[in-house]
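**Student:** With the sequence up front, the predicted model follows.
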Amino acid sequence: MITSPSNEKIKLVRALQDKRRTREAEQLFVVEGIRLVEEALRARAPIKLVLHTDDLDPRGQAALSELTRLDIPVETVTPKVMAAASDTETPQGLLALATLPSSSLLLPPSFSFALTLDKLSDPGNLGTILRTADAAGVEAVFIAPDTVDVYNPKVVRAAMGAHFHIPIVEASWESLAERLAGLEVWLAEARAGEAYHQVDWRQPCALIIGSEAEGPSAAARRLARHGVHIPMPGQAESLNAAVAAGILLFEVAKQRSRRSRMPRTASRE
């Protein structure tokens, strides 16, 4: 049992929680909580180390049993040590270190529904958008330069397992121009471009969501061929980025679902 927060393994976990450069150097990120560890197991994500306390509930014990069955290194820690390693105020008693996925392996050879996130700085917003993208059936998410680290612990928790379900790729704007070639690229803006419900989203498309504080970057404007907005009859100047993403992504999902249910002989409008 690990009883000291000064243990080298605990120091590593803490560094991975706090520092992007450590995550990149070690090629590891922290998966904290029973739900997220379960998601990692379902996705067969490579897990290098597990920490747990002795007071796990039955659901946590079941996850721990599966981790042990897979011969993953498991360490028991005291509640004090878990608190030192955790990034949450009330740790659930289960924490794992997972390998950063290789974007080259994850990205499908072709896709027709992509999302690009441009200069988002709030980890909670980024994680919420990833969770929404997962729910809406987005096939690939691209993280543009100057966006918060996608493996920041707050992003991972807010995404609720999306990291294990959809490809999430950090890319330069030059790379994005190549990867999104052949898709209609739409830039979300407040009160600019077409109303979102009037766009035909059934075609292969990519949506760019920019920073709500700074707006879209110049690079995003150069890449996008079209603008799209959400009509707002009220007095607010703009929507929270995560809320706007949810509205837009589910409009795309709705239209694409209708397309998939169309008879083969039906003509397209």
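**Tutor:** Cool, got the structure. Remember, predicted model here, so these are calculated numbers, not experimental data.

**Student:** Show me where this structure has its strands.
**Tutor:** For the chain, applying DSSP state E gives strands covering 28-32, 47-52, 74-76, 94-99, 113-118, 140-143, 168-170, 184-188, 194-195, 205-210, 226-229.

**Student:** Flag the shaky bits of the stretch 101-250 of the chain, pLDDT-wise.
**Tutor:** Within the stretch 101-250 of the chain, the stretches falling below the threshold (pLDDT under 70) are 103-105.

**Student:** go with 90
**Tutor:** 101-109, 190-192, 211-215, 235-238 (pLDDT under 90).

**Student:** what does stretch 220-229 rub up against?
**Tutor:** 116, 118, 144, 173, 176-177, 180, 184-196, 199, 207-208, 210, 216, 248 (Cβ atoms under 8 Å, 6 or more residues apart in numbering). (Each C-beta comes from the backbone N, C-alpha and C, glycine too.)

**Student:** Same question for stretch 7-24: list its buried residues.
**Tutor:** 7, 9-10, 12-14, 16-17, 23 (16 or more other Cβ atoms under 10 Å).

**Student:** Then stretch 85-95?
**Tutor:** Using 16+ other Cβ under 10 Å as the test for burial, stretch 85-95 gives 85-87, 91-95.

**Student:** R225 - how many residues pack around it?
**Tutor:** R225 has 10 neighbouring residues, counting by other Cβ atoms under 10 Å.

**Student:** Over to A244?
**Tutor:** 22.

**Student:** Then F250?
**Tutor:** Neighbour number of F250 under other Cβ under 10 Å is 15.

**Student:** Contact partners for it?
**Tutor:** Neighbours of F250 in contact, by Cβ under 8 Å, 6+ apart: 132, 136.

**Student:** Quick check: it vs L126, distance?
**Tutor:** F250 sits 18 Å away from L126 when distances are taken as Cβ to Cβ, to the nearest Å.

**Student:** about what we covered before: ok, of the buried residues of stretch 85-95, which one's closest to N152?
**Tutor:** Nearest to N152 out of the buried residues of stretch 85-95 is D87 (Cβ to Cβ; 9.4 Å).

**Student:** was I right about that closest one contacting P153?
**Tutor:** Yes: using Cβ atoms under 8 Å, D87 is in contact with P153, at 4.3 Å.

**Student:** in the protein, which helix has the most residues?
**Tutor:** helix 241-261 (DSSP state H).

**Student:** Columns pLDDT and distance to A224 on top of the buried residues of stretch 85-95, output as JSON lines?
**Tutor:** Listed next are the buried residues of stretch 85-95 as JSON lines, based on pLDDT from 0 to 100; distance: Cβ to Cβ, whole Å:
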{"residue": "A85", "pLDDT": "98", "distance to A224": "42"}
{"residue": "S86", "pLDDT": "97", "distance to A224": "40"}
{"residue": "D87", "pLDDT": "96", "distance to A224": "35"}
{"residue": "P91", "pLDDT": "96", "distance to A224": "42"}
{"residue": "Q92", "pLDDT": "96", "distance to A224": "41"}
{"residue": "G93", "pLDDT": "97", "distance to A224": "45"}
{"residue": "L94", "pLDDT": "98", "distance to A224": "42"}
{"residue": "L95", "pLDDT": "98", "distance to A224": "40"}
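
**Student:** I'd like the residues you listed written out as a markdown table, with distance to A40 added.
**Tutor:** A markdown table is the format used below for these (distance: Cβ to Cβ, whole Å):
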| residue | distance to A40 |
| --- | --- |
| A85 | 17 |
| S86 | 17 |
| D87 | 16 |
| P91 | 17 |
| Q92 | 14 |
| G93 | 16 |
| L94 | 11 |
| L95 | 11 |
